[in-house]
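J.: just to be clear, the model below is a prediction. Sequence and coordinates:
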Amino acid sequence: MTYGRDNAPRLPVRVARPTTFLERLPPPPSSLPRWKVSITPPDLSPWLAGNCGIPGVMHYEGRRPGPHVVCVSLIHGNEFAGAIVLDRLLRRRIRPRAGRLSLVFANPEAMQLFDPCDPVRARCVDEDMNRVWLPAMLDSRQTSHELDRARMLLPVIVTADRLLDLHSMLWPGEPLVLSGLSPTGRAMARRIRGVDVCVADRGHRSGCRLIDHPRFSGGNAAACLLEAGQHWREDTVTRAMHAVLSLIGPCCGISAGTEGTIPRYDMVVTDVVTARTGLFQFVMPFHSGHVVDSAGTVVAHDGSDEIRTPYDRCMLVMPNLRPARGHTAVRFARADAGPPAPDQ
């Protein structure tokens, strides 16, 4: 498959049709598919107190100067593949020879809610922890479990030189690594093992992700978000391990070897499609990484609106097959893209 630059004129992403009031109301709740849960949450009891004054943070310093490398797991409590990886490394007593290493269990309280009969419930306690990292929000008087926890972790975040945020995906799709649009973040993404695709994007309109904190939007510090594969699968744990070792290997004297692919496709998100109604529906159950060959192809309906691909060879990034109104439904990406377009 070729992902080259396309000089053809962009087509509109959203073709609006008249909608009725009823079409803008949320639909009756429907049940999610039943997911197979092949892994279990790790026992984090040895690490929950932390060793540096911050619960859930294990911090180590090498004998020689070097960067501060941070690996974060459990931003979402039901995405515990990354926590399994950090737990395994801590039990192996991995330590940095140079610089500093912080291994973070961000929201273990959410993971404690995990029930394999209702696995999505444990995503958070009060709110999505990956939408609270805007400094104005962190400095506000608002409070929630996730926001208070983010404030607690902030001393680690604002001193990180390289940060990898470990996630997994609910819906099937090709694993990928996300970066912001900064050159340092994009360069870091290209070196992360375990995935074929790296994608640069600007985040979500609904809130600021950890990797979009100003610490990583300019200067030399960089952050990436790994989507290691589908939730609750052992191969997702394996990919997350490849990625973490490729990051911490240099400071810990560990050879990451050649295990795990490095990204072959370097994509940039051009359009973020947000569900405007409660009736957003794709025309088929697309997987993340699916490439639509022809511009103007209808991929979804949002109420009466048609959602179409704006150019040839358009990659669908992490389509949410059940998006709520106001939430990101899908992102469109291509190689060597120009400036991002407004949210659709």
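T.: Noted; the coordinates are in hand.

J.: contacts for stretch 52-70?
T.: 44, 47-51, 90, 95-106, 108, 152-153, 155-157, 159-164, 247-248, 251 (C-beta atoms under 8 Å, 6 or more residues apart in numbering). In short, each C-beta sits where N, CA and C put it, glycine included.

J.: so which of those residues belong to strands?
T.: 98, 99, 100, 101, 102, 103, 104, 105, 162, 163, 164 (DSSP state E).

J.: residue contacts, residue 276?
T.: Residues near residue 276 by C-beta under 8 Å, 6+ apart: 24, 302, 303, 305, 325, 326.

J.: count the neighbours of the fifth one for me.
T.: Right, residue 325. By other C-beta atoms under 10 Å, 18 other residues sit near residue 325.

J.: ok, the contacts of residue 276 vs residue 241, which is closest?
T.: Among these, residue 326 lies closest to residue 241 (C-beta to C-beta), at 35.1 Å.

J.: surely the closest one and residue 277 touch.
T.: No: here residue 326 lies out of contact with residue 277, judged by C-beta atoms under 8 Å, at a distance of 9.8 Å.

J.: okay, those two: which has more neighbours?
T.: residue 277 (21 against 12).

J.: mind jotting down where the strands sit in the stretch 51-200 of the chain?
T.: With DSSP state E, counting those that start in this stretch as the criterion, the stretch 51-200 of the chain has strands at 57-61, 64-73, 98-105, 162-169, 176-179, 197-200.

J.: and among the ones you listed, the most buried is which?
T.: Of the strands of the stretch 51-200 of the chain, the one with the most neighbours on average (mean count of other C-beta atoms under 10 Å) is strand 176-179, at a mean of 27.

J.: alpha carbons of that one, in CSV - could you do that?
T.: Extracted C-alpha coordinates of strand 176-179, given in CSV (Å, rounded to 0.1, in the frame of the first residue of the first chain):
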residue,chain,number,x,y,z
LEU,A,176,0.4,2.6,16.6
VAL,A,177,2.3,5.2,18.4
LEU,A,178,0.9,8.8,18.6
SER,A,179,2.9,11.9,19.0
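
J.: partner strands of that strand and their direction?
T.: For strand 176-179, the paired strands and their directions (DSSP bridges) read strand 197-200 (parallel), strand 222-230 (antiparallel).

J.: closest one to residue 184 among the ones you listed?
T.: Comparison of the strands paired with strand 176-179 against residue 184 by C-beta to C-beta identifies strand 222-230 as nearest, at 3.9 Å.

J.: any idea of the mean pLDDT for the closest one?
T.: If you average the pLDDT over strand 222-230, you get 96.

J.: just checking the distance from it to the centre of its chain.
T.: Relative to its chain's centre, strand 222-230 lies at 5 Å (C-alpha atoms, centre = their mean, to the nearest Å).

J.: could you check the angle strand 162-169 makes with that strand?
T.: Counting by axes from the mean of the first three to the mean of the last three C-alpha atoms, to 10 degrees, strand 222-230 lies at 20 degrees to strand 162-169.

J.: ok, and for stretch 46-56, which residues are buried?
T.: For stretch 46-56, a neighbour-count test (16 or more other C-beta atoms under 10 Å) marks 47, 50, 54, 56 as buried.

J.: again, but for stretch 324-340
T.: Neighbour-count burial for stretch 324-340, counted by 16+ other C-beta under 10 Å, picks out 325, 328, 329, 330, 331, 332, 333, 334, 337, 340.

J.: could you measure from the residue nearest to the spatial centre of the chain over to residue 177?
T.: Centroid-nearest residue in the chain: residue 225, 4.6 Å away (criterion: C-alpha atoms, centre = their mean). From residue 225 across to residue 177, the span is 7 Å (C-beta to C-beta, to the nearest Å).

J.: ok, now residue 273?
T.: As judged by C-beta to C-beta, residue 273 and residue 177 stand 21 Å apart.

J.: keeping just the C-alphas, turn stretch 280-294 into CSV.
T.: Only the C-alpha atoms of stretch 280-294 are listed here, as CSV (Å, rounded to 0.1, in the frame of the first residue of the first chain):
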residue,chain,number,x,y,z
PHE,A,280,-23.1,8.5,14.6
GLN,A,281,-22.6,5.2,12.7
PHE,A,282,-19.9,3.8,10.4
VAL,A,283,-21.0,2.1,7.2
MET,A,284,-18.9,-0.9,8.3
PRO,A,285,-16.9,-1.9,11.4
PHE,A,286,-13.6,-0.3,10.3
HIS,A,287,-10.3,-1.3,12.0
SER,A,288,-7.8,1.3,13.0
GLY,A,289,-5.2,1.6,10.2
HIS,A,290,-7.7,0.8,7.5
VAL,A,291,-6.8,2.8,4.3
VAL,A,292,-9.6,4.0,2.0
ASP,A,293,-8.3,4.3,-1.5
SER,A,294,-10.7,6.9,-3.0
